[in-house]
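K.L.:
For reference, the sequence and a predicted model appear below.
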Amino acid sequence: MTSPSPHLPRLIAHRGLSAHAPENTRAAVRAAHRAGFHWVELDVQLLGDGTPVIWHDSGMKRCSDGRGKLHKMHLEQAREYDVGAWFSAEFRGERMATLEEMLSLISRLDMGLNLELKVCRGRDPIALAKAVVPQLLEALPFERRLLSSFNYHALKQARHMAGPDELALGVLCKKLPQQWREKMDTLQAYSLHTDWKQLKEKRARMVKEAGIPLLCYTANDPLAFGPRWDWGVTSVISDDPQRFMD
């Protein structure tokens, strides 16, 4: 019997359509949908009160009008910050989205999601996986969800909670390690995700020959990226995937 697999597109919008809207926000997901992209990549981590939220950094400074570490905040505090105006006045008033809110939006838009378990320094990967996996399984069908992480322990916990026929896992890495196949087998993972600039042709072709989907982040130059399609790359995660279409 053939195992189920997500319906991965060629192009995935990184943190939503983050070249045109504030990253990891509902506005960025809506922008991706309007532009015709059916999958987005987003980051999830926990606030201090245990609420899973869509956010990349450990703190608020870069992408909001405030400061503070997420692990010291409860949801009401995080909601006080404007997370859109830093990008442009058009997005003034945007607020941080909880995982529940974002999953609801993606479900309504009939989109797919590559959700990264973002384990910042000193945070608990097990607690993050335990908080995220049940919501993800409940909100989206198998073919429209992919859970990835750089953190082995987060992925291991996710696999403990859901088998490969329930949840596809993606192994994130800066460059493909020598033992990539062993790691994939141990986690019963579905896909490999690597920095496109670190990808080497020989190893990419090995992954393709093994029948494993290979995703590349974060590529924004379609001409420079071009040869890698022939190496066997399945999908590109891009801030501005429209450039690949143009």
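P.N.:
Now that the structure is in, tell me what you want to look at.
K.L.:
Just the CA trace of the lengthiest helix in the chain, in PDB.
P.N.:
When every helix of the chain is counted residue by residue (DSSP state H), the longest turns out to be helix 125-139. Listed in PDB are the C-alpha atoms of helix 125-139, where the atom choice follows Å, rounded to 0.1, in the frame of the first residue of the first chain:
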ATOM      1  CA  PRO A 125      10.800  21.300  22.300                       C
ATOM      2  CA  ILE A 126       8.600  18.700  23.900                       C
ATOM      3  CA  ALA A 127       6.100  21.200  25.300                       C
ATOM      4  CA  LEU A 128       5.900  22.900  22.000                       C
ATOM      5  CA  ALA A 129       5.100  19.700  20.100                       C
ATOM      6  CA  LYS A 130       2.500  18.700  22.600                       C
ATOM      7  CA  ALA A 131       0.800  22.000  22.300                       C
ATOM      8  CA  VAL A 132       0.900  22.200  18.500                       C
ATOM      9  CA  VAL A 133       0.300  18.700  17.100                       C
ATOM     10  CA  PRO A 134      -3.300  18.100  18.300                       C
ATOM     11  CA  GLN A 135      -4.400  21.500  16.900                       C
ATOM     12  CA  LEU A 136      -2.800  20.800  13.600                       C
ATOM     13  CA  LEU A 137      -4.300  17.300  13.300                       C
ATOM     14  CA  GLU A 138      -7.700  18.700  14.100                       C
ATOM     15  CA  ALA A 139      -7.700  21.700  11.800                       C
END
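K.L.:
pLDDT below threshold where in this protein?
P.N.:
Within the chain, the segments meeting pLDDT under 70 span 1-3.
K.L.:
please redo it, this time with the cut-off set to 90
P.N.:
Residue ranges of the chain with pLDDT under 90: 1-5, 177-178, 246.
K.L.:
what's the angle between the biggest strand by length in it and helix 125-139?
P.N.:
In the chain, taking DSSP state E as the definition, the longest strand is strand 39-46. With axes from the mean of the first three to the mean of the last three CA atoms, to 10 degrees as the criterion, the two stretches strand 39-46 and helix 125-139 enclose an angle of 130 degrees.
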